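Enquirer: after the sequence you'll find the predicted model.
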Amino acid sequence: MLSSFRLPENERMCILALALVFLLTRLPILFTMPFVQDEGLYSIMIGEQRLHPALIPTFLDSQVSWKPPLFFWAYAAFPELPISPEASFRLPSFLFGLATVPLLYMFLRNTGASKNISFFTVLIFLLSLPSIYPNSALLTDTLLFFFICASLYLYSEGRFGDWRFAAAGALAFCAFFTKLVIAVIVPLLVLAYFYQKRKEILRNRIFLLSLLAVPLAFACHFLLLETSAMGKQLYLSDIGGHLVTSSITDQLGTFIGSLVVFIFGAGIWFALSLFGLWRFWRDNLVMSLWYLLTIFPMLTGYYMVWYYLPVMPAIAYFAALTLLKWDGKEKPDLFFAFFFCLAATLILAGIIMFYFNIYSSYLPEKEAGTLLSGKENVLIAGGYKPAMLSYKVLPEMEVGRRLDFGLIIAPTGLPSENMSRLLQDYLSPEPATIDGSFSALFTSNSTFRKSTNITSFDYVALVDYPELVPQNAQIIYNRSNITIYRVK
């Protein structure tokens, strides 16, 4: 056998090494990427929470049910720093992701994983797009995962006594109020953990009461939304429709889209994990159950790689077992090190190419939004380009002069003749639009129109409508299906 290598005896050094990997793979993205898709939307919502905190978050001052308020409160609490707006808004994700590294490592150790397996599980986890992307983006998933890992660690750390269950339950409650039903991971995994490790805990009253945290959070959030008649919409239409689509063809398309982005994001780690699950699933029931939960992002994560963040540790765990464990023994030899470094290099190269592509794809939204910022009598109409809205609105909010503007969002497209009618008369009753509310933006095929007091527009930005030209208009920007006109 080739010469073996050893990790440092002091496990704090292992965690520090993992933290260094985290820094090197996330910091460059934090400062270089423009806002991408929902990041633009969330940045506006966070800005509004800074101005007027609310139990139900708002987008353009319209109540929305997409996400609970905790994420927006937490990120709004971070001060604006003298750095780029992208880095300032993403910094909480970066910090919460960094804080998750030791929590995940120690939970793995508490489940019975060796130092080698725990270290390389977290390392594989860190070297995957499902963890890199949300840790360096303005998304709810990193905060959610921090609460999940903190709760799991407290549940599994017997040194803290039985009252740790109350604190762990509170963290699970917070996880629900960050990204809803995904928080059910916590009670499922801790039940498996104590069934495998200490069955007597399953009769502990404090422990049993702590398991009610997630159902209690659901009840509280449902009742909160029902005060604005949005509870049923979220839990029956939005979430229910997300899990079960209207037809088998749609469901199959969603599954294929989810699987494609996951295979790209997890790369060879996913292939290795399948072999590891087949060989070692009996050894750790907690991690095996965690792995099986991958089915849910496969059903819902249509081209959204960050949906796999909560299950990526299980993928990484079984990939690590495949690489390290042979004939019942862990063999971290130099051949393993060579193969691991080669696989990591190929995966990171793919991730770098991915970021180069999305940088060029989303830079026009930044350019267009920056051009429109500070200008009055603006209309933005067409496809869903939230980053463009963000780059227009945020600088205005920062100087305390948020300007009114017109907005028409047609997420699934609108015939040109109908959009032309709205350009000629913003308040036209035809075609039908949802006015003054964006709560159903992601679940309805409708066209959405922002309420405004503007009667005529000096600037018109059209998204995905290159064939439409407003009357008496001059093009001042045209790139990537975004055309901005100045009306004479």
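Expert: That came through fine. Worth saying up front: this structure is predicted, and the values here are computed from it rather than measured.
Enquirer: starting at the chain centroid, how far to the helix or strand where E365 lies?
Expert: With elements taken from DSSP states H and E, the one containing E365 is helix 334-372. Relative to the chain's own centre, helix 334-372 is displaced by 17 Å; criterion: Cα atoms, centre = their mean, to the nearest Å.
Enquirer: name every strand pairing with the very next helix or strand once past that helix and say which way it goes.
Expert: Scanning forward in sequence from helix 334-372 by DSSP H and E, the next helix or strand is strand 378-382. Within its sheet, strand 378-382 is paired with strand 406-409 (parallel), strand 459-463 (parallel), according to DSSP bridges.
Enquirer: which residues touch strand 378-382?
Expert: Strand 378-382 is contacted by residues 372, 388-389, 392, 403, 405-410, 419, 422-423, 426, 454, 457-465 when judged by Cβ atoms under 8 Å, 6 or more residues apart in numbering. Quick note: C-beta positions are derived from backbone N, CA and C, even for glycine.
Enquirer: kindly export that strand (C-alpha atoms) in PDB.
Expert: Provided in PDB are the C-alpha atoms of strand 378-382 (Å, rounded to 0.1, in the frame of the first residue of the first chain):
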ATOM      1  CA  VAL A 378     -39.800  55.100 -15.400                       C
ATOM      2  CA  LEU A 379     -41.700  52.000 -16.700                       C
ATOM      3  CA  ILE A 380     -40.200  48.500 -16.600                       C
ATOM      4  CA  ALA A 381     -42.300  45.900 -18.500                       C
ATOM      5  CA  GLY A 382     -41.800  42.300 -19.600                       C
END
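Enquirer: if we can go back for a sec, what's the angle between the helix holding E365 and strand 459-463?
Expert: 150 degrees (axes from the mean of the first three to the mean of the last three Cα atoms, to 10 degrees).
Enquirer: average pLDDT for helix 334-372?
Expert: The pLDDT scores in helix 334-372 average 92.
Enquirer: stretch 434-450 too?
Expert: The average pLDDT within stretch 434-450 is 88.
Enquirer: and for stretch 387-406?
Expert: Here the average pLDDT along stretch 387-406 is 94.
Enquirer: contacts for that stretch next, please.
Expert: If you take Cβ under 8 Å, 6+ apart as the criterion, stretch 387-406 is touched by 34-37, 39-41, 43-44, 47, 51, 80, 85, 362, 365-366, 368-370, 372-381, 407, 426, 450, 452-454, 457, 461, 463, 482.
Enquirer: buried members of those residues into PyMOL, please.
Expert: In PyMOL syntax, the buried subset of the contacts of stretch 387-406 is picked out as below (16 or more other Cβ atoms under 10 Å):
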select buried, resi 34+35+36+37+39+40+41+43+44+47+85+362+365+366+368+369+372+373+377+378+379+380+381+407+426+450+452+457+461+463+482
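Enquirer: show me the shaky parts of the stretch 151-300 of the chain.
Expert: Filtered on pLDDT under 70, the stretch 151-300 of the chain yields the residue ranges 237-247.
Enquirer: so where's the stretch 1-150 of the chain uncertain?
Expert: Using pLDDT under 70, the flagged stretches of the stretch 1-150 of the chain are 1-4.
Enquirer: the same query, at a cut-off of 90, please.
Expert: Where the stretch 1-150 of the chain drops to pLDDT under 90, the residues are 1-9, 65-66, 79-82.
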